[in-house]
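Novice: How does the following fold in three dimensions:
(one chain, ligands or ions: 1)
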Amino acid sequence: MQFALTELKENESWLKLYHSKMLQMIPHQIDSARRSLIEKKKKRYVVGQLKYASKDEWNTFVYNQSGFKIDKRGNTNLLWLSKIGWMEIRLHKLIDGKIKQVTITKRAGRWYAIIAVEAKPSLPKLIALKKSVGVDVGIKNYTYDSDGKDTPNPKNLQKILKTLTRTQRKMSRRVKGSCNYKKAKQWYKIAHERIANRRRDFQHKLSAYYARNYDVVFIENLQITNMVKNHNLAQKIMDAGWASFKNMIDYKCMVIDVEPRNTTVDCSRCGHKVPKTLAIRIHHCDQCGLLIDRYHNASLNILKRGLELWNLPMEHREVTPVEISEIEEAGRNLSAW
Ligand SMILES: [Zn+2]
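Specialist: Here you go, the predicted model:
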């Protein structure tokens with residue numbers, strides 16, 4: 001593909017208006033997208049095909065190794081891109097190290113530059129397993145942990161989701177390509193961007209909480225792709241974005257994946273199997289009498305399995321008993337989801 005590019009440049013003189021390295025990155029990107037698709041197929045994921053992006057959808061380009069400079073004049077930060085020139089930028093972080101790559105992207109009408117820097121090799125993580133926690137992730141509760149902290153799924157996301165579907169509907173009613181259509185599309189993009197920003201913000205705060213209070217976090221190894229197939233929950237699950245949440249905890253402290261099978265069924269105290277439908281919110285073991293929230297029970301199982309991975313004993317944890325009245329209420333409210 002790289003050779004084809006050289007040939008293409010001979011005939012299409014407008015291509016010479018662009019930085020050569022930037023153009024080279026495009027076949028490289030397409031190639032790596034194609035490769036990852038093949039990899040996924042091998043692992044038996046259901047994958048689609050690469051499709052052509054329209055001019056409107058093509059909103060990212062990459063300067064690799066060369067063709068960029070960053071400078072400061074007074075209080076103004078400047079970025080220079082080959083064939084484009086100098087422009088003013090708002091720098092959010094001090095750049096420390098050699099810049100390897102600059103990615104320029106347009107999201108919801110704004111331009112962003114993502115600067116990749118060669119970092120000094122960091123010291124390997126030392127595992128000080130003083131405090132650990134098991135975390136069950138879900139839809140109703142974004143997380144429920146083995147210390148009994150439950151964090152509901154943020155409602156503000158649901159609110160914007162409504163705006164999103166509304167703008168989507170508007171878009172579909174308008175004539176494609178018309179001025180009003182473009183306007184609706186812009187609204188749609190902005191709503192999308194807002195959802196992403198709020199979700200990221202929420203995930204950063206929650207992951208920071210876990211990093212501050214624990215050394216290692218055990219989470220079930222969710223097969224997100226399997227869950228997304230369930231159409232009713234799909235939107236909500238996509239919204240939840242646990243993969244990025246896990247990543248955030250992992251770079252702030254440490255995440256260990258735990259085998260998820262039967263975490264909701266097993267009794268976390270005695271191991272007895274207590275099968276329950278999605279509607280049943282309480283774990284009540286008739287062998288040992290444990291009576292706790294189903295998600296709390298699951299998170300305790302996750303913690304137990306995590307500690308077993310390293311042959312560590314289950315620490316003594318106070319399990320907060322749930323008030324009986326609360327349980328009876330939960331029993332009546334069987335419309336869980
Ligand atoms: Zn039990």
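
Novice: Now name the helix or strand holding residue 29.
Specialist: Using DSSP states H and E, residue 29 maps to helix 20-42.

Novice: chain center to that helix, what's the gap?
Specialist: Chain-centre distance of helix 20-42: 22 Å, with CA atoms, centre = their mean, to the nearest Å.

Novice: Same question for stretch 176-190.
Specialist: 27 Å.

Novice: following the helix holding residue 29, which helix or strand comes up?
Specialist: Downstream of helix 20-42, the first helix or strand assigned by DSSP H and E is strand 60-64.

Novice: Now do that next one against helix 20-42: the angle between them, please.
Specialist: Orientation of strand 60-64 against helix 20-42 (axes from the mean of the first three to the mean of the last three CA atoms, to 10 degrees) gives an angle of 110 degrees.

Novice: which helices and strands does the helix or strand that comes right after strand 60-64 pack with?
Specialist: Reading on from strand 60-64 to the C-terminus, the next helix or strand found by DSSP H and E is strand 68-73. If you count contacts as 3 or more CB pairs under 8 Å, 6 or more residues apart in numbering; DSSP states H and E, strand 68-73 packs onto strand 76-81, strand 98-107. The C-beta positions use only the backbone N, C-alpha and C, and glycine is treated the same way.

Novice: what's near enough to touch residue 294?
Specialist: Counting by CB atoms under 8 Å, 6 or more residues apart in numbering, residue 294 touches 264, 276, 280-283.

Novice: Narrow those to those in strands?
Specialist: Using DSSP state E, the subset of those located in strands is 282-283.

Novice: By neighbours, which of the contacts of residue 294 wins?
Specialist: Neighbour counts for the contacts of residue 294, by other CB atoms under 10 Å, peak at residue 283, which reaches 25 neighbours.

Novice: who touches that residue in this structure?
Specialist: Shown in contact with residue 283 (CB under 8 Å, 6+ apart): 264, 267-268, 274, 276, 290-294, 296-297.

Novice: Next one, pLDDT for it please.
Specialist: Looking at residue 283, its pLDDT reads 93.

Novice: Same check on the one 4 residues further on?
Specialist: Per-residue confidence at residue 287 stands at 91 (pLDDT).

Novice: cool, and residue 207?
Specialist: The per-residue pLDDT reported for residue 207 equals 94.

Novice: Just put the contacts of residue 294 in CSV and tack on distance to the ion.
Specialist: Putting the contacts of residue 294 into CSV (distance: CB to the ion, whole Å) gives the following:
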residue, distance to the ion
264, 14
276, 13
280, 15
281, 17
282, 13
283, 9
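
Novice: Just give me the closest of the contacts of residue 294 to residue 169.
Specialist: The closest of the contacts of residue 294 to residue 169 turns out to be residue 281 (CB to CB; 34.5 Å).

Novice: Can you find the residue of the stretch 101-250 of the chain that comes nearest to the ion?
Specialist: Across the stretch 101-250 of the chain, the shortest distance to the ion (CB to the ion) belongs to residue 146, at 15.7 Å.

Novice: neighbours of that residue, just the number please.
Specialist: Residues lying near residue 146 (other CB under 10 Å) number 26.

Novice: That one contacts residue 300, correct?
Specialist: Yes - counting by CB atoms under 8 Å, residue 300 is a contact partner of residue 146 at 4.9 Å.

Novice: Which residues does stretch 267-274 contact?
Specialist: With CB under 8 Å, 6+ apart as the criterion, stretch 267-274 contacts 262, 265-266, 283-288, 290, 292, 297-298, 300-301, 304, 319.

Novice: repeat that with 6 Å
Specialist: The set of residues external to stretch 267-274 that reach it, using CB atoms under 6 Å, 6 or more residues apart in numbering, is 265, 285, 287-288, 290, 297, 300-301.

Novice: So among these, which ones count as buried?
Specialist: Taking 16 or more other CB atoms under 10 Å as the criterion, what is buried in the contacts of stretch 267-274 is 265, 285, 290, 297, 300-301.

Novice: Surely residue 164 is in contact with residue 191?
Specialist: Yes - proximity of residue 164 to residue 191 meets the contact threshold set by CB atoms under 6 Å, at 4.5 Å.

Novice: Let me know the secondary structure of the spatially most central residue of the chain.
Specialist: With distances taken as CA atoms, centre = their mean, the chain has residue 244 as the residue nearest its mean C-alpha position (2.6 Å). Look at residue 244: counting by DSSP: H, G, I helix; E, B strand; the rest coil, its state is helix.

Novice: how about the nearest residue to it, chain neighbours excluded?
Specialist: Excluding the flanking residues, the one nearest residue 244 by CB to CB, 6 or more residues apart in numbering is residue 203, at 6.3 Å.

Novice: Which pLDDT value goes with the one you found?
Specialist: At residue 203, the model reports a pLDDT of 91.

Novice: Next: residue 337.
Specialist: Residue 337 carries a pLDDT value of 30.

Novice: can you give me the strands for the stretch 101-250 of the chain?
Specialist: Taking DSSP state E, counting those that start in this stretch as the criterion, the stretch 101-250 of the chain carries its strands at 110-118, 132-137, 141-145, 150-152, 216-220.

Novice: residues from the protein in reach of the ion?
Specialist: Counting by CB under 5 Å from the ion, the residues of the chain close to the ion are 267, 269-270, 272, 285, 287-288, 290.
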